[in-house]
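A.B. asks: structure of the sequence below:
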Amino acid sequence: MPTEAHLQSLASLQISSPALLKPHDPHPSGQQQQQQEYSEAREAPVAQAKPKGVLVSATSAPTMDLTMDRVPSRSQQLDRLAASSKEDPFDVLIIGGGSSGAGCAVDAQTRNLRTAMIEREDFASGTSSKSTKLVHGGVRYLEKAVLQLSLDQLKLVYEALHERDRLLSNAAHLARPLPILTPCYSWWEVIYYGVGLKFYDLLAGSSTLVPSKYMNILESLSRLPTMSKYSEDGRSLKGSILYYDGQFNDTRLNVTLATSAAAAGAAVSNYTDCVGLIKNEAGKVVGAHCRDRISGKEFDVHAKLVINAAGPFADDVRRASDPSKKPSVQGASGTHITLPDFYGSSKNGMIIPKTKDGRVVFMLPFQHHIIAGTTDTPIQITSRPRSTQAEIDFILNTLSDYLDVRVTPKDVLSAWCGIRPLPNSGKGGNTQNVVRDHVIFMDDDGMLNVTGGKWTTYRSMAEQAIDAALASGRLPNDVLPCQTRDLKLLGAKNYSYQMKANISQDYQVPYRNLPLGKPELRDPEVDVDTEIAAHLSACYGDNCDRVLSLAREQQLGKRLVPNHPVLEAEVIYTAQAEYCMTVEDFISRRSRLAFLDVRSCEAALPRISEILASVHGWSEDKRKAEVEAARDFLINNFTPGPMVHTDSSPPPTAKFPKVPDSSREQVAA
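C.D. replies: Prediction:
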């Protein structure tokens, strides 16, 4: 509980956005129901890039319109990358296509810098696809700021709360406000969490979505019927504190950032590996030796400045220049599980603010399912982290203490683990207290490194990174100021909350009065129900008409699997417009099937591969190899043990512990 002295000390701190970090030691010391309607952020004009030599203010420039029609094909992007030379380099080359790298690409290109970005796997193939899907300031970090008198934690929360508002506006189709309940089993908890969340509102200021409030028992259970009426130690529920944060589709946002950068003029390419760095006579990094992992072709990309945004693998890139570089990143694992929708509510989430070991667990609705997590433990950095049974048990055990529903491992539909790239404190040990702030620094070789951070602050992190790049003196200075604060990403410009209703009206109303038993009178090419309409509008925004047009023209209007609203047409659309190159790309990063339901996802693999084969010209052997690779991917990334079957025999039983019948007992360890 924060004491009066704590609050007075924090009140005296001057809150501001984190300062831009100049070149420095990567080991900084002291790291250091009256429901109100959510008001959309105001739309401000955004500057359009003009020829170099003309500096335009952000307020006086015309609006930049991003459109999918301006997104080049992957082969065209590779040609552009390979066409660079020592005499005609890009201004900026970004290594890494996750949230940090893609955010930097959008920021740099919209300032009129010639920008290139390469990613050795797919966009969002690593950490950026495995978040808790929250756009938030972080109530956990706020508590740490108070109890530890940490200005760093407080700055992080303040900046994230204001960036939350921008993300909800600039990618409105991919993000939405989400009410979250904090269950209270004593009046002391009501006061403690109530005061804490009011402080959260205070930090957000005008960016507050909906003010937090106390909900009595009836209100709490009407929002989340599965909330337990008694705590594990027998205390009765006193109600809950309701507050709002944002929720978003992380991989769809990452892919949208990459395509938005491409639409603005950047040369971006996935499956393009950096196999070495190019240095000039002064020893400065001025490019990368690259290899296209699809064709095997090798080429060089030249740039005036290179930005290392490789996330957990940033140190691998740094050591390609100098093997003696000390670590700047440490890994922390975060495991999540997916459960059926009956575990919670389709409109409300729940935060368990303090587990038995002091961690925080969220239970949130996501695409007609419930996701729960996360853990926070040190981990060795690897490209394919996997959830452990112990981590899954921890989440299940925690949920069983707060739910009046029998929590059983048999209900786990998917489980995944991501690695957070935290700034390396040099101290090792527990990662829970490491500040989730970003660090921007330049090595002696002139390569700018962007490490740490969180999804919510990706935009401000990119802005500060490009500011640092410009401050280096190696880039043109006749460029625009940052344009991304109000830049509508692809799909967002003409999106509205009524889009789902409009689609349903267009594709359902004409058939409602058809005679019963006459299904042949319906449109044979596309049959969109309300669930599909909601899915398409939430994933593609104002580009969903392009998907529906393909569904009609190519006769791909069927669901890939019966219990998920993903259409066959989405496969061909993402392959043609969003650089979807493999079956894995589609099931995990263009759609979310792998994250939601492993077995349903497996059932869809053959059809997905057939459609991709028609786009990419695969042979039958290649198509079969893609299916097998996708099965291996599911087994090794979304299960703690064998859950996926590869023949017609019954699927093997997952190695989960037995669960007691009583809903009040914990899952066996």
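
A.B. asks: center of this structure - which residue?
C.D. replies: residue 250 (2.3 Å; CA atoms, centre = their mean).

A.B. asks: neighbours around the nearest residue to it once chain neighbours are set aside, how many?
C.D. replies: Leaving aside its chain neighbours, residue 250 sits nearest to residue 131 (4.8 Å; criterion: CB to CB, 6 or more residues apart in numbering). (Each C-beta comes from the backbone N, C-alpha and C, glycine too.) Residue 131 is flanked by 23 other residues according to other CB atoms under 10 Å.

A.B. asks: now residue 131, what's its secondary structure?
C.D. replies: Under DSSP: H, G, I helix; E, B strand; the rest coil, the three-state class of residue 131 is coil.

A.B. asks: how close does it sit to residue 251?
C.D. replies: Distance of residue 131 to residue 251, given as CB to CB, to the nearest Å: 9 Å.

A.B. asks: just residue 537 next, same as before
C.D. replies: Residue 537 is 17 Å from residue 251, by CB to CB.

A.B. asks: check residue 571 too.
C.D. replies: Taking CB to CB, one finds residue 571 at 15 Å from residue 251.

A.B. asks: A helix includes residue 490, no?
C.D. replies: No - checked against three-state DSSP, residue 490 lies outside a helix; its state is coil.

A.B. asks: quick one, what contacts it?
C.D. replies: Shown in contact with residue 490 (CB atoms under 8 Å, 6 or more residues apart in numbering): 66, 67, 68, 71, 256, 259, 260, 263, 541, 543.

A.B. asks: report the buried members of the residues you listed.
C.D. replies: Among those, those buried by neighbour count (16 or more other CB atoms under 10 Å) are 66, 68, 71, 256, 259, 260, 263, 541, 543.

A.B. asks: now do the buried residues in stretch 550-568.
C.D. replies: Neighbour-count burial for stretch 550-568 flags 550-551, 554, 556-557, 559-561, 564-568 (criterion: 16+ other CB under 10 Å).

A.B. asks: tell me the gap between that stretch and the middle of its chain.
C.D. replies: Relative to the centre of its chain, stretch 550-568 is centred 25 Å away, using CA atoms, centre = their mean, to the nearest Å.

A.B. asks: extract the C-alpha set from it and format it as PDB.
C.D. replies: C-alpha atoms of stretch 550-568 as PDB (Å, rounded to 0.1, in the frame of the first residue of the first chain):
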ATOM      1  CA  LEU A 550     -11.900 -11.600 -54.100                       C
ATOM      2  CA  ALA A 551     -14.400 -14.000 -52.400                       C
ATOM      3  CA  ARG A 552     -16.900 -13.300 -55.100                       C
ATOM      4  CA  GLU A 553     -14.600 -13.200 -58.100                       C
ATOM      5  CA  GLN A 554     -12.500 -16.300 -57.100                       C
ATOM      6  CA  GLN A 555     -15.400 -18.200 -55.500                       C
ATOM      7  CA  LEU A 556     -13.600 -18.200 -52.200                       C
ATOM      8  CA  GLY A 557     -16.400 -17.100 -49.900                       C
ATOM      9  CA  LYS A 558     -16.400 -20.200 -47.600                       C
ATOM     10  CA  ARG A 559     -14.900 -20.500 -44.100                       C
ATOM     11  CA  LEU A 560     -11.600 -22.300 -43.900                       C
ATOM     12  CA  VAL A 561     -12.900 -24.200 -40.900                       C
ATOM     13  CA  PRO A 562     -16.600 -24.200 -39.700                       C
ATOM     14  CA  ASN A 563     -16.000 -22.800 -36.200                       C
ATOM     15  CA  HIS A 564     -13.900 -19.800 -37.200                       C
ATOM     16  CA  PRO A 565     -14.900 -16.800 -39.400                       C
ATOM     17  CA  VAL A 566     -11.800 -16.800 -41.500                       C
ATOM     18  CA  LEU A 567     -12.600 -16.900 -45.200                       C
ATOM     19  CA  GLU A 568     -10.700 -18.700 -48.000                       C
END
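
A.B. asks: tell me where the stretch 451-600 of the chain has helices.
C.D. replies: 458-471, 499-508, 530-540, 544-553, 568-577, 583-585, 593-596, 598-616 (DSSP state H, counting those that start in this stretch).

A.B. asks: can you tell me which of the ones you listed comes nearest to residue 183?
C.D. replies: Set against residue 183 and scored by CB to CB, the helices of the stretch 451-600 of the chain come closest in helix 593-596, at 25.5 Å.

A.B. asks: the closest one - contacts with which helices or strands?
C.D. replies: For helix 593-596, the packing partners by 3 or more CB pairs under 8 Å, 6 or more residues apart in numbering; DSSP states H and E come out as strand 414-423, helix 598-616, helix 620-638.
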